[in-house]
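Chemist: Return a 3D structure for these sequence lines:
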Amino acid sequence: MKTAALNEVKDDLSKYLRLAEKEEILITRHGKPAGVLIGFASEDEWFDYRLEHDPRFLQRIERARQSLHAGRGVKLEDVKT
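Modeler: Model prediction:
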């Protein structure tokens, strides 16, 4: 993870957005972590990020896992294509 001071990022945001497509950038304020800049090389990456951080989606995944652990599920081999 690359680190950059807030004033550097503010002065050249487009450069840091391009860099963030390849790796996250830790933004510091007065030498202390203040945030993270995450870039997306494609709309698919943006969609994946949104999905991975959507509380409703994460709740559905958790409910599905609980259901499977309780024995209420369908084996993959039993799914007809």
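Chemist: do you know how far the most centrally placed residue in the chain is from residue 1?
Modeler: For the chain, the residue nearest the mean C-alpha position is residue 49 (3.9 Å; CA atoms, centre = their mean). From residue 49 over to residue 1 the distance is 16 Å, taken as CB to CB, to the nearest Å. Heads up, the C-betas are built off the backbone N, CA and C, glycines and all.
Chemist: Then residue 34?
Modeler: When distance is defined by CB to CB, residue 34 is 14 Å away from residue 1.
Chemist: Show me what counts as buried in stretch 28-47.
Modeler: For stretch 28-47, the neighbour count (16 or more other CB atoms under 10 Å) marks 28, 37, 39 as buried.
Chemist: How about the backbone phi and psi for the first one?
Modeler: Looking back up the chat, that one is residue 28. Reported as degrees, to the nearest 10, the phi and psi values for residue 28 are phi -110, psi 150.
Chemist: ok, so what distance separates it from residue 38?
Modeler: Distance, residue 28 to residue 38, using CB to CB: 16 Å.
Chemist: doesn't residue 41 make contact with the residue nearest to the centre of the chain?
Modeler: No: proximity of residue 49 to residue 41 does not meet the contact threshold set by CB atoms under 8 Å, at 11.4 Å.
Chemist: sorry, back to before: after the host helix or strand of the residue nearest to the centre of the chain, next one along is what?
Modeler: Counting by DSSP states H and E, the element that carries residue 49 is helix 43-52. Towards the C-terminus, the helix or strand next in line after helix 43-52, according to DSSP H and E, is helix 55-69.
Chemist: what angle sits between that following helix and helix 43-52?
Modeler: Inter-element angle recorded for helix 55-69 and helix 43-52: 70 degrees (by axes from the mean of the first three to the mean of the last three CA atoms, to 10 degrees).
Chemist: any residues touching helix 55-69, and which ones?
Modeler: Residues lying outside helix 55-69 but in contact with it, judged by CB atoms under 8 Å, 6 or more residues apart in numbering, are 51, 73.
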